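**Student:** sequence and computational prediction follow.
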4 protein chains.
Amino acid sequence: MKKELTDRQKEILNATVKLIGEGGIQALTIKNLSHNIGVTESAIYRHFMSRTEILETLLDTIKKNITNSYAKRAQSDKIAFERLKDIVTYQFDSFSSNPSYAIVILSDGLYQNEPVLRERIFSIMEFVKMIFIQIIDDGKQSGEFRDDISSNQLAFVIMGSVRLMINQWSLSGFNFDLRIQGAELLKTITTLINNN
Amino acid sequence: MKKELTDRQKEILNATVKLIGEGGIQALTIKNLSHNIGVTESAIYRHFMSRTEILETLLDTIKKNITNSYAKRAQSDKIAFERLKDIVTYQFDSFSSNPSYAIVILSDGLYQNEPVLRERIFSIMEFVKMIFIQIIDDGKQSGEFRDDISSNQLAFVIMGSVRLMINQWSLSGFNFDLRIQGAELLKTITTLINNN
Amino acid sequence: MKKELTDRQKEILNATVKLIGEGGIQALTIKNLSHNIGVTESAIYRHFMSRTEILETLLDTIKKNITNSYAKRAQSDKIAFERLKDIVTYQFDSFSSNPSYAIVILSDGLYQNEPVLRERIFSIMEFVKMIFIQIIDDGKQSGEFRDDISSNQLAFVIMGSVRLMINQWSLSGFNFDLRIQGAELLKTITTLINNN
Amino acid sequence: MKKELTDRQKEILNATVKLIGEGGIQALTIKNLSHNIGVTESAIYRHFMSRTEILETLLDTIKKNITNSYAKRAQSDKIAFERLKDIVTYQFDSFSSNPSYAIVILSDGLYQNEPVLRERIFSIMEFVKMIFIQIIDDGKQSGEFRDDISSNQLAFVIMGSVRLMINQWSLSGFNFDLRIQGAELLKTITTLINNN
DNA sequence: TATGAATGAGAATTCATTCAT
DNA sequence: CATGAATGAATTCTCATTCAT
């Protein structure tokens, strides 16, 4: 389904990431994109069928990254508590290095008229949720995590607060250290979820 | 500072809310607006100086609503626990009746180029946070809430999960009952924050 | 033909002059005008039939001023040489105190589509030319001025250089002293036109 | 710095000149321009970034023309008197064949809000002045021109009267022969400037 | 006299996209 | 693969003017 990306496609995707990082999704115009790469606008259409397809592919890339990285951390043989910490920490690290990814993921409101994109975002969030639920389930069984709240709900609270943190970081123009604030939030989360 | 709105302005604001509810902020064009009201585009400019001013005024209206409603609930003489419940419940009720408000508030990413609007959103969020912190502080003193996490962090977790709930509801096209899901989330939140 | 102006009309004309002085003829919009006076836009139309009529009336006012002032100075019983000096000096003095008049007079290019205005400007220039010619004729007869160039041509040269001076002053944003530069130009003119 | 113009750009510039010639600068709208060429409005923007850039380029073209033509005539090895005659004659000839150039140059008042354009006009006028001053200086040294008035002032008088002539021609709707009237003015100028 | 509301005609741009070469 | 040219649909906003009250 997901074809291999050509070099040019990767180049376009990189420029996409750069542009979004600098000026939000609104800065992602075919014109900006082509100028950034040094080709004409029509050249872009040799490599992607439409602007939407570019975002689609970008979201697929992000999804693949997330899928791999999260799954790896989720499946390590550390205790659930450590795995949770690893993943949340990774989330902050990862967005910290790729602010554009944060923007793309957070801009869901913008995809209102583009079901293809909305579905992508949705699927990413579903995946992340599933990962969290798994870990939480494990942690409950091992007695690490509290048992009085459904894993689904706990996952929801975690994702919501992580997301808000990233959101505020993005709104602030990325001008605080996401990893530091994120670490603090992580402490809060683990305290909340701990069994006693 | 905030002048009384004329009837026409209210009408425009209503149409704004309607349009955003139907098609997102991107659907809020002067043309759509004027057609919706049944006047010409230029007529709009007799009542608002610019499209941005319309959104600005809408955000001001929302802020006034929120300020009043939240403050009232925060200052009641119920115990902190009840006040927290009241406010969160009110949040879900309120967005449930005004889906557009959710969209407007959640679309912060869209205001990247419009500092006036971003500032509005920011100020609303600051206010809400302050309200939560107050209540949590009270609840800590009365022994209702746990004391091992800073009020700031707790407020953050609450806001994050509430926000995510609203976000998902919006993304779903408003096709689940926000009040029901919200009530469940509220239960989770209170369980998490309870002392013991 | 020229009716007496009402107080309101004078007020509008004053605002017109002010606006043009500040931002050129393009700043003369009915909106600016009405805001400046403190009435609504439609109120303007109680006093003038159209924007063009305002400019028309302004030009008439200017013309009346010029007619009176120049005629008075032209008909004094000083020698031609002195009368010429008086008038040119008066021109610079007068525009110096009313920069807007300079703008209105110099903006002839803008009236391309408004014959009524063009005609006004034309008639003012004709009048001024006539005055100059008269004085020059007198000066020739009295032997003050050179006789080898037609009065018409001399008038033309004088008017052209005076006009260019005013033009440069206007373009500079009125930031040099028109009277000083004008005095110097006047010296040049009199030297050129003198007999011997 | 000045790039070569493409054919389309030249075509647009020609249409610009034509439109201005017919209806003044106000007739220069993107719509008129595109209709005149037979393309859509947006097509214009592939060749020029903005309406201002079109005028800017036109002024640059005019400047280049003037620079070359005047410089060539100024540097010939004729006597100063002849060179002066050549240049003034050329001015009238040149505007006579390109009435729009006259309009563009004379419309300085219109560029109040566009510093880029004003600067262009200014620089052209400075150049012309410099040329005149050089010739006049030469003519003074050779004893051809009068020595009792500064070259700067003489240049000013010449430019002012030439400019007024062109202005009146433009205002008249180009309905007299600029070359004939210009020739007469030139005679006046030379008589005025001659040594004795 | 004045207001408030509205109009209609434009104006300059922007953007994703198409197509012949 | 890439370019250059063009399109058409939008978009925000401006301006002089009209008209009922």
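**Tutor:** Sure, I can see it. Residues are numbered from 1 along each chain as shown, chains lettered A, B, ... in the order given.

**Student:** quick one: is the worst-scoring helix or strand of chain A on mean pLDDT near chain B?
**Tutor:** Taking mean pLDDT, DSSP states H and E as the measure, the helices and strands of chain A show their lowest mean at helix A:99-106, namely a mean of 88. Yes - using C-beta under 8 Å from any C-beta of the partner chain, we find that helix A:99-106 touches chain B at A:Ile103, A:Leu106. Where you see a C-beta, it was placed from the backbone N, CA and C, and this is true even at glycine.

**Student:** other SSEs contacting that helix?
**Tutor:** Packing contacts for helix A:99-106, counted by 3 or more C-beta pairs under 8 Å, 6 or more residues apart in numbering or on different chains; DSSP states H and E, involve helix A:7-23, helix A:51-74, helix A:80-97, helix A:151-171.

**Student:** how many residues are close by the nearest residue to A:Ile25 once chain neighbours are set aside?
**Tutor:** Spatial nearest neighbour of A:Ile25, chain neighbours left out: A:Ser107 (5.0 Å); criterion: C-beta to C-beta, 6 or more residues apart in numbering or on different chains. If you count neighbours by other C-beta atoms under 10 Å in any protein chain shown, A:Ser107 ends up with 22.

**Student:** could you do A:Lys63 as well?
**Tutor:** For A:Lys63, the count of nearby residues is 17 (other C-beta under 10 Å).

**Student:** one more: A:Asp7?
**Tutor:** Residues within reach of A:Asp7, counting by other C-beta under 10 Å, total 8.

**Student:** any idea how far it is from A:Leu55?
**Tutor:** Computed as C-beta to C-beta, to the nearest Å, the A:Asp7 to A:Leu55 distance reads 20 Å.

**Student:** contacting residues for A:Ile149?
**Tutor:** The contact partners of A:Ile149, taken as C-beta atoms under 8 Å, 6 or more residues apart in numbering or on different chains, are B:Thr188, B:Thr191, B:Leu192.

**Student:** show me just the buried residues among these.
**Tutor:** Using 16 or more other C-beta atoms under 10 Å in any protein chain shown as the burial test, the contacts of A:Ile149 include B:Thr188, B:Leu192 as buried.

**Student:** the nearest residue to A:Thr57 once chain neighbours are set aside: neighbouring residues, count only.
**Tutor:** Distances taken as C-beta to C-beta, 6+ apart put A:Leu13 closest to A:Thr57, at 6.5 Å, once the chain neighbours are dropped. By the other C-beta under 10 Å criterion, the neighbourhood of A:Leu13 contains 20 residues.

**Student:** who's in contact with A:Leu13?
**Tutor:** Taking C-beta under 8 Å, 6+ apart, we find A:Leu13 in contact with A:Leu5, A:Ile54, A:Thr57, A:Leu58, A:Thr61.

**Student:** change it to 7 Å
**Tutor:** By C-beta atoms under 7 Å, 6 or more residues apart in numbering or on different chains, A:Leu13 lies in contact with A:Thr57, A:Leu58, A:Thr61.

**Student:** how many neighbours does the first one have?
**Tutor:** Just to be clear, that refers to A:Thr57. A:Thr57 has 21 nearby residues by other C-beta under 10 Å.

**Student:** the second one now?
**Tutor:** Around A:Leu58 there are 22 other residues, counting by other C-beta under 10 Å.

**Student:** for chain A, longest helix please?
**Tutor:** helix A:115-141 (DSSP state H).

**Student:** ok and that helix relative to helix A:51-74, angle-wise?
**Tutor:** Inter-element angle recorded for helix A:115-141 and helix A:51-74: 10 degrees (by axes from the mean of the first three to the mean of the last three C-alpha atoms, to 10 degrees).

**Student:** can you tell me the closest non-neighbouring residue to A:Lys140?
**Tutor:** Closest residue in space to A:Lys140, ignoring its immediate chain neighbours: A:Asp147 at 5.3 Å, by C-beta to C-beta, 6+ apart.

**Student:** how near is that neighbour to B:Gln9?
**Tutor:** For A:Asp147, the distance to B:Gln9 - C-beta to C-beta - is 54 Å.

**Student:** give me the number of residues near the residue in chain A that chain D sits nearest to?
**Tutor:** Nearest residue of chain A to chain D: A:Glu41, at 10.0 Å (C-beta to the nearest C-beta). Using other C-beta under 10 Å, the number of residues around A:Glu41 comes to 13.

**Student:** ditto for A:Phe127
**Tutor:** Around A:Phe127 there are 15 residues (other C-beta under 10 Å).

**Student:** need the pLDDT of the closest residue to it other than its chain neighbours.
**Tutor:** Excluding its sequence neighbours, the residue lying closest to A:Phe127 (C-beta to C-beta, 6+ apart) is A:Thr67, at 6.2 Å. Here, the pLDDT recorded for A:Thr67 equals 94.

**Student:** any idea how far A:Thr67 lies from D:Asp60?
**Tutor:** According to C-beta to C-beta, A:Thr67 stands 56 Å off from D:Asp60.

**Student:** what does A:Lys63 give?
**Tutor:** 52 Å.

**Student:** which parts of chain A sit against DNA strand F?
**Tutor:** A:Thr6, A:Arg8, A:Gly38, A:Val39, A:Thr40, A:Glu41, A:Ser42, A:Ala43, A:Arg46, A:His47 (C-beta under 7 Å from any atom of the strand).

**Student:** looking at those, which are in strands?
**Tutor:** Using DSSP state E, no member of the residues of chain A next to DNA strand F falls within strands.

**Student:** re earlier: residues near the residue nearest to A:Phe127, how many?
**Tutor:** 15.

**Student:** that one contacts A:Ile124, correct?
**Tutor:** No - shown here, A:Thr67 and A:Ile124 do not form a contact pair, counting by C-beta atoms under 7 Å, at 8.5 Å.

**Student:** please enumerate residues in contact with stretch A:44-53?
**Tutor:** For stretch A:44-53, contacts defined as C-beta under 7 Å, 6+ apart pick out A:Thr6, A:Arg8, A:Gln9, A:Ile12, A:Ile30, A:Leu33, A:Ser34, A:Ile54, A:Thr57, A:Glu114, A:Val116, A:Leu117.

**Student:** and that stretch, which residues are buried?
**Tutor:** Going by neighbour count (16+ other C-beta under 10 Å), the buried part of stretch A:44-53 is A:Ile44, A:His47, A:Phe48, A:Arg51.

**Student:** give me the subset of the residues you listed touching DNA strand E.
**Tutor:** Restricting the buried residues of stretch A:44-53 to those near DNA strand E by C-beta under 7 Å from any atom of the strand leaves A:Ile44, A:Arg51.

**Student:** looking at the contacts of A:Ile149, which are in helices?
**Tutor:** Under the assignment DSSP H, the contacts of A:Ile149 contribute B:Thr188, B:Thr191, B:Leu192 to helices.
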